[in-house]
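Participant: Model the structure of this input:
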Amino acid sequence: MSGVAAARRIVAVLLLALWWGGFSFYAGRVVFIGHQVLKSKIRQGFITERVTTELNWLAVAALAVVGCELVGSARSSRRRVARIAWAVTPLATVALFILHGQLAGMLDFAVRKVADDEHFYGWHRVYLFTATLQWLAGAVLLIALQTGTLGKSNE
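Facilitator: Purely as a prediction, here's the structure:
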């Protein structure tokens, strides 16, 4: 593996780990701690609304570099799973941006309340399902990068 290929792989792993790890830690711990400290899921939700935007943009950056890594690696039949995971992840990310905008439109930021209770929580479940799919595909990509499943570099 050339120096450029090694650097590209390292950057891909680090960006993917930053996004996926940040997402995992936030969803697994910070949200629950926020509920306890703020004594309100809705108040925590307004923090989450801001954080998820940043996590989604971090996903875009990570997936761009991982995509370059996929293109730059040698063909391998083992790479098929990584390619499928890569295809799922940006589709989920685009869906999350769209759903995020839709959910934000149902919030009243001035008074920090859900303005459209009737529809918000149904769409929020769709958002959570999509985020879970994105997270699983990201885990597959991270494992593929770490185990060399993407194949040897063409460079």
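Participant: how about the residue nearest the centre of the chain, secondary structure?
Facilitator: Central residue of the chain (Cα atoms, centre = their mean): A59, 4.8 Å from the mean position. Secondary structure, DSSP: H, G, I helix; E, B strand; the rest coil: A59 is helix.
Participant: Just to check, it is in contact with T93?
Facilitator: Yes. At 4.9 Å, A59 counts as touching T93 under the criterion of Cβ atoms under 8 Å. Where C-beta positions appear, they are placed from N, C-alpha and C, glycine not excepted.
Participant: what do the two both touch?
Facilitator: Q134 (Cβ atoms under 8 Å, 6 or more residues apart in numbering).
Participant: sorry, back to before: ok, the residue nearest to the centre of the chain - contacts?
Facilitator: W19, F23, T89, T93, Q134, G138.
Participant: got those residues as TSV, with pLDDT and neighbour count columns?
Facilitator: TSV is the format used below for the contacts of A59 (pLDDT from 0 to 100; neighbours: other Cβ atoms under 10 Å):
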residue	pLDDT	neighbour count
W19	96	27
F23	95	20
T89	95	26
T93	97	24
Q134	97	25
G138	95	27
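Participant: Let's have these in CSV, adding distance to A144 and secondary structure.
Facilitator: Shown next, in CSV, are the contacts of A59 (distance: Cβ to Cβ, whole Å; DSSP: H, G, I helix; E, B strand; the rest coil):
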residue, distance to A144, secondary structure
W19, 15, helix
F23, 17, helix
T89, 12, helix
T93, 18, helix
Q134, 16, helix
G138, 11, helix
